[in-house]
Each structure stands twice: as structure tokens, then as C-alpha cells.
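In: Predicted model follows, preceded by the sequence.
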Amino acid sequence: MNINASSTGEEIAPIALAIHKLVNGLPLTMRTLESPGVRIEDGEVIDYNYTGPILEEVLATGEMAQVIPQSGAYQGTPVIVVPIIDKGEIIAAIGLVDITQGIYSDIIEITKRPEELDDSRSG
């Protein structure tokens with residue numbers, strides 16, 4: 001499998017579905033720089049032509065976003081979106097929808113190793 005900046009929703013679906021299963025079925029979205037991608041819920045691809053405001057923001061900035069979207073399919077629900085970078089170029093973005101309303105994000109923060117903590121949390 002080769003994912004690049006123009007891969008389609010159909011082409012990225014297998015990797016997105018695998019990650020969806022890996023994170024215990026949390027809703028997942030993924031798109032590439034040049035093509036809309038997938039929206040996955042309950043083990044099924046429900047949209048092969050998906051984009052969202054935070055996916056687009058991360059594609060533009062290349063920075064992780066952990067926010068509550070003000071618009072789109074997941075408006076009002078926390079999301080975590082990261083860029084996929086290959087050879088220094090942003091080629092895609094992938095995001096998890098935290099339907100636990102922040103509990104998932106809190107668990108990730110609580111279980112960080114000491115060397116991963118921000119300066120604000122270290123002594």
C-alpha cells in the first residue's frame with residue numbers, strides 16, 4: 001500500500017479501518033492533501049468523499065490539533081487530528097473523534113511517561 005498526497009478515499013480506507021479497530025472503534029476521519037477521504041464509524045466507512053474543518057486546518061498548518069470543532073459533522077465533540085508527513089511534506093491528515101467527551105484524551109494525558117510531560121506538568 002502506498003499512500004500519497006493524491007490518494008483517494010477508497011485507497012486510504014484499508015489503513016483507516018485498521019486504525020479505527022486499533023483505537024477500539026472510535027470514529028475516525030482521514031483525507032489526503034489533494035483528495036477527500038473517509039469517515040468511519042462503527043466499523044464501517046460511511047463516507048468515501050469526506051473532509052472536515054479540522055482535517056483541512058491540519059493539512060494547512062502541519063500541526064496537531066486537539067480541539068472541539070465549531071462546525072462540521074462532529075461539531076461540539078472533541079477531536080484529535082495529526083498530519084501525516086512523508087519526506088518533509090504533508091501528505092494527509094488523520095483524526096479521532098473523542099465520543100467519550102474528553103475521557104479518552106484525559107487517559108492519554110494521564111498515562112504519559114514523565115519524559116513526555118509538558119514543562120507545565122513537570123516539577
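Out: All right, it came through fine.
In: ok now the one helix or strand Ile90 maps to, how far from the chain's centre?
Out: Here Ile90 sits within strand 89-97, counting by DSSP states H and E. The chain centre lies 5 Å from the centre of strand 89-97; the measure is Cα atoms, centre = their mean, to the nearest Å.
In: What mean pLDDT does that strand get?
Out: What strand 89-97 shows for mean pLDDT is 98.
In: repeat for stretch 2-19
Out: Mean pLDDT, stretch 2-19: 97.
In: Now do the buried residues in it.
Out: Neighbour-count burial for stretch 2-19 flags Ile3, Ser7, Thr8, Gly9, Glu11, Ile12, Ala13, Ile15, Ala16, Leu17 (criterion: 16 or more other Cβ atoms under 10 Å). C-beta: built from backbone N, CA, C; applies to glycine.
In: now do stretch 22-30
Out: Leu26, Pro27, Leu28, Thr29, Met30.
In: Which ones among the residues you listed lie within strands?
Out: Residues of the buried residues of stretch 22-30 located in strands (DSSP state E): Leu28, Thr29, Met30.
In: from the residues you listed, which is closest to Gly72?
Out: Set against Gly72, the nearest of these by Cβ to Cβ is Thr29 (9.4 Å).
In: sorry, back to before: include pLDDT when you put the ones in strands among the buried residues of stretch 22-30 into TSV, please.
Out: Shown next, in TSV, are these (pLDDT from 0 to 100):
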residue	pLDDT
Leu28	98
Thr29	98
Met30	99
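In: what kind of secondary structure is Tyr48 in?
Out: Under the three-state scheme (DSSP: H, G, I helix; E, B strand; the rest coil), Tyr48 adopts strand.
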